[in-house]
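>>> Show me the folded form of this:
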Amino acid sequence: MGLDILLFSNDELLVRLLREAASEAFSREFTLTVGDPNEAFDHKALCIWDFVPGETNFPQRIDRSEWRNHLFLLDWKHLGDLQTLLGVTNLKVLSKPLTRVALRTFLLGYGLRRSIGCNEPGESTLRSERDEMLQIVLQANRKLQEFHQERSNFLARSLHDFRSPLTAISGYCELLLDGTVEALTREQVEIVKRLQHSGRRLAIAIDTMLQFSIAGDGGAKLNLEQGDIRETIAQALEGLSPVIDGKRLSVTVDVEPSPEGLWFDKSRIEQTLANLIENACKFTTRGGTIAIKGYPFFWQRRHGYAPLHPCAPDRRTRQIKTINSFRVDIHDSGLMGNTERIFEEYTSYAGGRDRSGAGLSLAICRMIISYHGGHVWAESNSVGTVFSFVLPLQQSSTVITHQEDPPDELRLPHSARS
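Below is the predicted model of the structure:
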């Protein structure tokens, strides 16, 4: 029997995060509903409250003893306010900023307790012991989250201090290239350009780490604009030209015009494209090829669970549907091992074909695409690897149709997918 989850929150990002965590924990065997505390609701469901002091309204009809069965998401400094408001001290709580791993772990534990029941003698005692153990685990999780927050704050302050010297280095490079100081030889210009490019990459890496440190607090804000993604791809390729030229890679671009309704943060998507293309460059042999394709796409999105497989959004072969997204594929001739965890921020590097060793770049891609409401994934077989992402269309005044399958030259046999 599936798990019914009832979430009381106005935070769309939290809804998405909870859906992803529940999908990983229970596959399709759950339902997620965003509830209204003023309406009657099923107390058999797992009720999760996003507590914001002064904004969250709790119904008075709930008995105080029942609050112990609910889960509360809050900032730890507001725990006392919540306990006073409900008149209960023994509550199940998770601290903000939340992680998908913390939510998934709680859901798995809750599902296990729910499935056991208490029909035999002594079962009540076992359940009590399990509840006590769960509280210990939640308290340990609280300490870990507090440590994580302190570390993130320290990292954010440190990264801010790194920006000033990088800005100075970039300024000096500009002076040298402009000929303000002294004319440079062709070889010297090339050296300074490479130095400037390395400085920009370091600046992007610092900005990336800063984004990750504040993402849980909603720090990665988006500046959504309606535009043509072809221009963004061109800008990403221009920034990577030293890498592409250095390995003598052949890059082909076949991207259809962006349909009406494609809204995205141009700088963030350029960063995503740069990360994915740079990853492709790194794992493609010298003189190899990289193909970039973009096209309208029908992305099947069902209520209550994520796409059928982490490597592909839902799609039905050769059906024609009204498009609801735009898809970009980056196909390289490099190989890849496990595709399931390469977008995780704490995946360890195993060497060889393990692309998780590329640092935080792929995890940042997932964060940015997730903030856009889209999805990013990877597929690989013996001849190459395809990184893909979809961005949902926000609105459309015209009906456009497009087949759901990617182009034949980019579609990998199902049997060959990792």
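>>> How are the strands of the stretch 51-200 of the chain distributed by residue range?
Assigned by DSSP state E, counting those that start in this stretch, the stretch 51-200 of the chain shows strands spanning 71-74, 92-95.
>>> and those strands, which one is worst for confidence?
The weakest mean pLDDT among the strands of the stretch 51-200 of the chain belongs to strand 92-95, with a mean of 84.
>>> for that one, packing partners?
On a contact count with 3 or more Cβ pairs under 8 Å, 6 or more residues apart in numbering; DSSP states H and E, strand 92-95 meets strand 71-74, helix 100-116, helix 123-178. For the C-beta atoms, the positions are set from N, CA and C on the backbone; glycine is no exception.
>>> hmm, 10 Å instead?
Where contact means 3 or more Cβ pairs under 10 Å, 6 or more residues apart in numbering; DSSP states H and E, strand 92-95 is packed against strand 46-50, strand 71-74, helix 79-86, helix 100-116, helix 123-178.
>>> Partner strands of the shortest one and their direction?
It stands for strand 71-74. strand 46-50 (parallel), strand 92-95 (parallel) (DSSP bridges).
>>> Just the CA trace of the longest one, in PDB.
Coordinates of each C-alpha in strand 46-50 appear next as PDB, following Å, rounded to 0.1, in the frame of the first residue of the first chain:
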ATOM      1  CA  LEU A  46       1.900  11.700   6.900                       C
ATOM      2  CA  CYS A  47       1.300  15.400   7.600                       C
ATOM      3  CA  ILE A  48       4.300  17.700   7.000                       C
ATOM      4  CA  TRP A  49       4.200  21.300   8.100                       C
ATOM      5  CA  ASP A  50       6.400  24.100   6.700                       C
END
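>>> Could you give the separation of that strand from the chain centroid?
How far strand 46-50 lies from its chain's middle: 22 Å, per Cα atoms, centre = their mean, to the nearest Å.
>>> Compute the inter-axis angle for it and helix 79-86.
In terms of direction (axes from the mean of the first three to the mean of the last three Cα atoms, to 10 degrees), strand 46-50 departs from helix 79-86 by 120 degrees.
>>> returning to what we had before: pipe the strands paired with strand 71-74 into a markdown table and attach mean neighbour count per row.
A markdown table is the format used below for the strands paired with strand 71-74 (neighbours: other Cβ atoms under 10 Å):
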| stretch | mean neighbour count |
| --- | --- |
| strand 46-50 | 21 |
| strand 92-95 | 20 |
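>>> follow-up on the earlier one: distance to Phe147 for the strands of the stretch 51-200 of the chain - can I get that in CSV?
Shown next, in CSV, are the strands of the stretch 51-200 of the chain (distance: least, Cβ to Cβ, whole Å):
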stretch, distance to Phe147
strand 71-74, 18
strand 92-95, 11
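>>> wait, which of those is closest to His375?
Nearest to His375, of all those, is strand 71-74, at 23.7 Å by Cβ to Cβ.
>>> which residues are contacting the closest one?
Applying Cβ atoms under 10 Å, 6 or more residues apart in numbering, the external contacts of strand 71-74 come out as 5, 7-9, 11, 14, 18, 46-53, 56, 78-79, 81-83, 86, 91-98, 102-103, 106-107, 110, 138.
>>> from those residues, which would you call buried?
Neighbour-count burial (16 or more other Cβ atoms under 10 Å) is assigned, among the contacts of strand 71-74, to 5, 7-9, 11, 14, 18, 46-51, 56, 78-79, 82-83, 86, 91-98, 102-103, 106-107, 110, 138.
>>> which strands and helices sit next to the one helix or strand Arg366 maps to?
Assessed by DSSP states H and E, Arg366 sits inside helix 361-371. Judged by 3+ Cβ pairs under 10 Å, 6+ apart, the packing partners of helix 361-371 are helix 12-26, helix 186-214, strand 263-265, helix 266-283, strand 375-381, strand 384-392.
>>> quick check: angle from that helix to helix 266-283?
Counting by the same axes, to 10 degrees, helix 361-371 lies at 150 degrees to helix 266-283.
>>> Could you tell me the angle between helix 361-371 and helix 186-214?
Using the same axes, to 10 degrees: helix 361-371 against helix 186-214 is 60 degrees.
>>> what's the model's confidence in helix 361-371, averaged?
Per-residue pLDDT over helix 361-371 has a mean of 85.
>>> How far off centre is it?
4 Å.
>>> Now do that helix and helix 12-26, the angle between them.
Here the directions of helix 361-371 and helix 12-26 differ by 120 degrees (the same axes, to 10 degrees).
>>> Between the helices and strands packed on helix 361-371, pick out the one with the smallest average pLDDT, please.
Minimum mean pLDDT among the helices and strands packed on helix 361-371: helix 186-214, a mean of 75.
>>> packing partners for it?
helix 123-178, helix 229-239, helix 241-246, helix 266-283, helix 361-371.
>>> returning to what we had before: dump the strands paired with strand 71-74 into JSON lines; add distance to Glu24 as well.
Shown next, in JSON lines, are these (distance: least, Cβ to Cβ, whole Å):
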{"stretch": "strand 46-50", "distance to Glu24": "16"}
{"stretch": "strand 92-95", "distance to Glu24": "16"}
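>>> List just the one of the ones you listed that sits closest to His70.
Distance to His70, taken as Cβ to Cβ, is lowest for strand 46-50 among those, at 4.5 Å.
>>> What average pLDDT does stretch 246-260 get?
Taken as a whole, stretch 246-260 has an average pLDDT of 92.
>>> In that stretch, which residues are buried?
Result for stretch 246-260 [16+ other Cβ under 10 Å]: buried residues 249, 251, 255, 258-259.
>>> got it, and stretch 151-168?
Quick answer for stretch 151-168 (16+ other Cβ under 10 Å): 152, 156, 159.
>>> same check, this time on stretch 368-385
Buried residues in stretch 368-385, defined by neighbour count with 16+ other Cβ under 10 Å: 368-381, 384-385.
>>> again, but for stretch 170-187
For stretch 170-187, the buried set under the neighbour-count rule, 16+ other Cβ under 10 Å, comprises 173, 176-177.
>>> okay, the residues you listed in TSV with distance to Glu29 next?
Written out in TSV, the entries for the buried residues of stretch 170-187 read as follows (distance: Cβ to Cβ, whole Å):
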residue	distance to Glu29
Cys173	56
Leu176	62
Leu177	59
